[in-house]
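1. Quick one, fold the following:
(chains A and B)
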Amino acid sequence: MIAFVDADGYPLSVATDFRTEPERGVVVLDGVAGDEVQPPEGELVNVVFSHIRPQPGVGYDQRRYVSLWGELLRSNGHLELSAERVQQWDEEEMSFFEFSERGVPQARRYFEQVSAETGREVRPRLSFGWLFLRATRLPFLTATIVPVLLGIAVAALGNGFSSWLAVLTLVGAACVHLALNTANDVFDTLSGADEANVNPTQFSGGSRVILYGLLRLRSMALLSGGLYAVGIGIGIGLAATRGWSLLWVGIAGALISLFYTAPPLRLVHRGLGEISVGIGFGPIMALGAYFVQAREYALEPLLASLPVGILIALILYVNEVPDRRADAVAGKRTLPVRLSKKSVVRGYELAVAVTFTLIAGFAISGLIARPAIIALAALPLAFPVRRALRNSYESPYALMPAMARNIQLHLVTGLLLVAGYGIGIVADAALDDPPFFLS
Amino acid sequence: MSELTVIDPLGRPVTHPLIPLYDGELIYLTSSVLFSRKLEHIKANPKVALSISDPLAVQVDHFRRATIQGDACVDDSDLHSGWEERVLPLWRKKEPVIDTLLGKRVALPLFFERAIIEVRPRRAFLWEDGRTDRPPQVFELLEAVR
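-> Numbering: from 1, shown residues only, chains lettered A, B, ... in the order given. Reported below is the predicted structural model:
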């Protein structure tokens, strides 16, 4: 389609056939008939090649266009264009999500313009519920629920169970987790990591509510502070009633979560992000939950939480793959920033192997409840993740299903460990002398 | 699907693929703030042209090519829900899938912050059989309205 400005000053566009002559660097367009629609010679025109396929009931796919600007020359009844400028998009080369993400600076500029025109601040909006879900990254709470339930389950097998203490533990740990997520966004905004990342997915790249203008930095910082206050308050209350030794893991957990991205430690910038998350959402959560129930520390919850800790670190590890370029720009020395693709894939394979070897070894030896060996059933969930890392390493959006599967790997493994302890608890209650494989 | 051509501050035509909606009087298009440069251009110069040119993108029994010139204005008085109130019913009628997409607003919040582009048709060029190697019929729409 040739678009030009007509004698009345209006744009006018007319479709025609074309062929390209790459050796001459020109596009040869068929002439069009009619005085009113004749493209001008010697003036700048816009020639657009556009393709889109409607998918009834779904939307559109195969979206691509090339827009050229240049002057036309008439030759043998044809029009020849030598392009001076080009703009293009092909969704097979750049996903719609990335294409949209690259428009965020323009969106912010437009909101500022409309605000200036209307004399009132105009901002994008989301309903409170969706905004809270997005800002806190609420669905990631499974990372907290799994180790807390595991710690409680280990305690319940040998030391009894208090439901209200379990609820308080879950709420307190969840608050600290959501505080970590929101604090992470605050510091990633300040460091420029979020702005540099044009490949966010639903599993990586942060909540982006500050970047999009949905929440102010200050509001997010207040939300984070409030969540920390509630979480820490619950922790102190539990420590006061169940034993001050709880503070050791509480303080360690809060410090790890805060200094994950906060200065001066900025653990993720020093290449300690994965191990920090593994410790925080593995042993620390499980030991804390165990202590609240049992009023003491023990080796068993620590051992039971190691596989969960490794798998949560692997969630971060895989989710960092699409973020690695933006993270590198922001100085975040994550493992995928530092390692080659081959090493990242090998690292994943090794970590999964260690995780399930630990489960088998601990369960068979009786260091954790033997029925917890059922968690081995989750291993096949790791295979598609490994395959996607090998085949789609450079395609953030093709990696998304693997990221989802990797989260399932953590969740299912953790819940099966908890279920294994559940079997042990039921066997203990139902049988006077349960067989060794049920204890 | 259509192609909207606007004029940038340097006087150059710039074309964007957009979904047109029509209520019998005005043509409506919407633009996300993510791709809002065209809105800035229209505010500076309201002269636009809208083309129906691609038979694959316009799935109708009898395909004809048309270009409509007109004067556009931008309604960005309520970017969040103004377009839902004013043009979503037309959009839904044309593409029911919009409701499914809108349900995922939390995933792409800025995509659904949208301004309305209203085009008052001024002149139309119609290629009855789609062939532009034949002269178009020309309709002066403003005069017809008067």
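2. For the rest of this, base every contact and every neighbour count on C-alpha atoms.
-> Noted.
3. for the chain, what spans make up the strands?
-> By default, I'm working from chain A. All strands of chain A, identified by DSSP state E, fall at A:2-5, A:11-14, A:18-21, A:26-30, A:44-55, A:59-75, A:78-90.
4. Chain B was what I was after
-> Under the criterion DSSP E, chain B contains strands at B:2-7, B:13-18, B:21-22, B:27-32, B:47-52, B:65-75, B:114-127, B:137-140.
5. Which one of the strands of chain A lies nearest to residue A:373?
-> strand A:59-75 (45.7 Å; CA to CA).
6. Direction included, what does that closest one pair up with?
-> Its sheet considered, strand A:59-75 pairs with strand A:44-55 (antiparallel), strand A:78-90 (antiparallel) by DSSP bridges.
7. Buried deepest among the strands of chain A, which one?
-> Of the strands of chain A, the one with the most neighbours on average (mean count of other CA atoms under 10 Å in any protein chain shown) is strand A:11-14, at a mean of 29.
8. Determine how far it lies from the middle of the whole chain.
-> 44 Å (CA atoms, centre = their mean, to the nearest Å).
9. Report all helices and strands that that strand contacts.
-> Strand A:11-14 sits against strand A:2-5, strand B:2-7, strand B:47-52, strand B:65-75, with contacts defined as 3 or more CA pairs under 8 Å, 6 or more residues apart in numbering or on different chains; DSSP states H and E.
10. got these as JSON lines, with distance to residue B:81 and mean pLDDT columns?
-> Converted to JSON lines, the helices and strands packed on strand A:11-14 look like this (distance: least, CA to CA, whole Å; pLDDT from 0 to 100):
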{"stretch": "strand A:2-5", "distance to residue B:81": "32", "mean pLDDT": "96"}
{"stretch": "strand B:2-7", "distance to residue B:81": "23", "mean pLDDT": "95"}
{"stretch": "strand B:47-52", "distance to residue B:81": "25", "mean pLDDT": "95"}
{"stretch": "strand B:65-75", "distance to residue B:81": "12", "mean pLDDT": "95"}
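11. So for residue A:220, which of those strands sits nearest?
-> With CA to CA as the criterion, residue A:220 lies closest to strand B:65-75 of the helices and strands packed on strand A:11-14, at 30.8 Å.
12. Show me the strands paired with the closest one, marking each as parallel or antiparallel.
-> Strand pairing for strand B:65-75, using DSSP bridges, gives strand B:47-52 (antiparallel), strand B:114-127 (antiparallel).
13. what's the angle from the shortest one to strand B:27-32?
-> Computed by axes from the mean of the first three to the mean of the last three CA atoms, to 10 degrees, the angle separating strand B:47-52 from strand B:27-32 equals 100 degrees.
14. Chain neighbours aside, what residue packs nearest to residue A:327?
-> With CA to CA, 6 or more residues apart in numbering or on different chains as the criterion, residue A:327 has its nearest non-adjacent residue at 5.9 Å, and that residue is residue A:193.
15. How much space separates that neighbour from chain B?
-> Distance from residue A:193 to chain B, counting by CA to the nearest CA, to the nearest Å: 19 Å.
16. neighbours around that residue, how many?
-> 23 (other CA atoms under 10 Å in any protein chain shown).
17. For it, give me its contacts.
-> Contact analysis of residue A:193 by CA atoms under 8 Å, 6 or more residues apart in numbering or on different chains lists A:326, A:327, A:329, A:330.
18. can you do 6 Å?
-> By CA atoms under 6 Å, 6 or more residues apart in numbering or on different chains, the residues touching residue A:193 are A:326, A:327, A:330.
19. Tell me the one among the residues you listed nearest to residue B:60.
-> residue A:326 (44.9 Å).
20. Would you confirm that the closest one contacts residue A:196?
-> Yes. Contact criterion CA atoms under 6 Å: residue A:326 and residue A:196 qualify, at 5.1 Å.
21. re earlier: check the strands paired with strand B:65-75 for me and report the most buried one.
-> Among the strands paired with strand B:65-75, strand B:47-52 has the highest mean neighbour count (mean count of other CA under 10 Å), at a mean of 27.
22. residues in contact with that strand?
-> A:10-12, B:2-6, B:65-71.
23. Among these, which pair sits farthest apart?
-> Longest span within the contacts of strand B:47-52, CA to CA: B:65 and B:71, 20.1 Å.
24. if we can go back for a sec, which stretch among the helices and strands packed on strand A:11-14 comes nearest residue A:64?
-> strand B:2-7 (13.0 Å).
25. Indicate each strand paired with the closest one and its parallel or antiparallel sense.
-> Paired strands of strand B:2-7, with direction, are strand B:13-18 (antiparallel), strand B:47-52 (antiparallel) (DSSP bridges).
26. Now residue A:25: phi and psi?
-> Main-chain dihedrals, residue A:25, degrees, to the nearest 10: phi 70, psi 30.
27. how is chain A carved up into domains?
-> For chain A, automatic domain parsing gives the domain ranges A:2-93, A:135-438.
28. what mean pLDDT does the last one have?
-> Mean per-residue pLDDT for domain A:135-438: 92.
29. before we move on, back to that, and residue A:362, which of the strands of chain A is closest to it?
-> strand A:59-75 (50.3 Å).
30. ok, and what's touching that closest one?
-> Outside strand A:59-75, the residues within contact range by CA under 6 Å, 6+ apart are A:41-54, A:79-91.
31. Keeping just the C-alphas, turn that strand into PDB.
-> The C-alpha coordinates for strand A:59-75 follow below in PDB (Å, rounded to 0.1, in the frame of the first residue of the first chain):
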ATOM      1  CA  GLY A  59      -7.700 -13.000  17.500                       C
ATOM      2  CA  TYR A  60      -5.000 -12.700  15.000                       C
ATOM      3  CA  ASP A  61      -1.700 -14.300  14.200                       C
ATOM      4  CA  GLN A  62       1.100 -14.000  11.700                       C
ATOM      5  CA  ARG A  63       1.300 -10.300  12.400                       C
ATOM      6  CA  ARG A  64       4.100  -8.600  10.400                       C
ATOM      7  CA  TYR A  65       4.600  -5.400   8.600                       C
ATOM      8  CA  VAL A  66       7.400  -3.500   6.900                       C
ATOM      9  CA  SER A  67       7.000   0.300   6.500                       C
ATOM     10  CA  LEU A  68       9.300   2.100   4.100                       C
ATOM     11  CA  TRP A  69       9.700   5.800   3.500                       C
ATOM     12  CA  GLY A  70      11.300   7.300   0.400                       C
ATOM     13  CA  GLU A  71      10.600   9.100  -2.900                       C
ATOM     14  CA  LEU A  72       8.900   7.500  -5.900                       C
ATOM     15  CA  LEU A  73      10.200   7.600  -9.500                       C
ATOM     16  CA  ARG A  74       8.000   6.700 -12.500                       C
ATOM     17  CA  SER A  75       9.500   4.200 -14.900                       C
END
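32. What about the closest residue to residue A:247 other than its chain neighbours, how many residues nearby?
-> Leaving aside its sequence neighbours, residue A:247 sits nearest to residue A:239 (CA to CA, 6+ apart; 6.3 Å). Neighbour count of residue A:239, defined by other CA under 10 Å: 20.
33. My read is that residue A:239 contacts residue A:249, right?
-> No. Using CA under 6 Å, residue A:239 is not in contact with residue A:249; the gap is 10.4 Å.
34. Do I have it right that residue A:103 meets residue B:34?
-> Yes. Judged on CA under 6 Å, residue A:103 makes contact with residue B:34 at a distance of 4.5 Å.
35. Between residue B:65 and residue B:71, which has more neighbouring residues?
-> With neighbours defined as other CA under 10 Å, residue B:65 and residue B:71 compare such that residue B:65 has more, 21 against 17.
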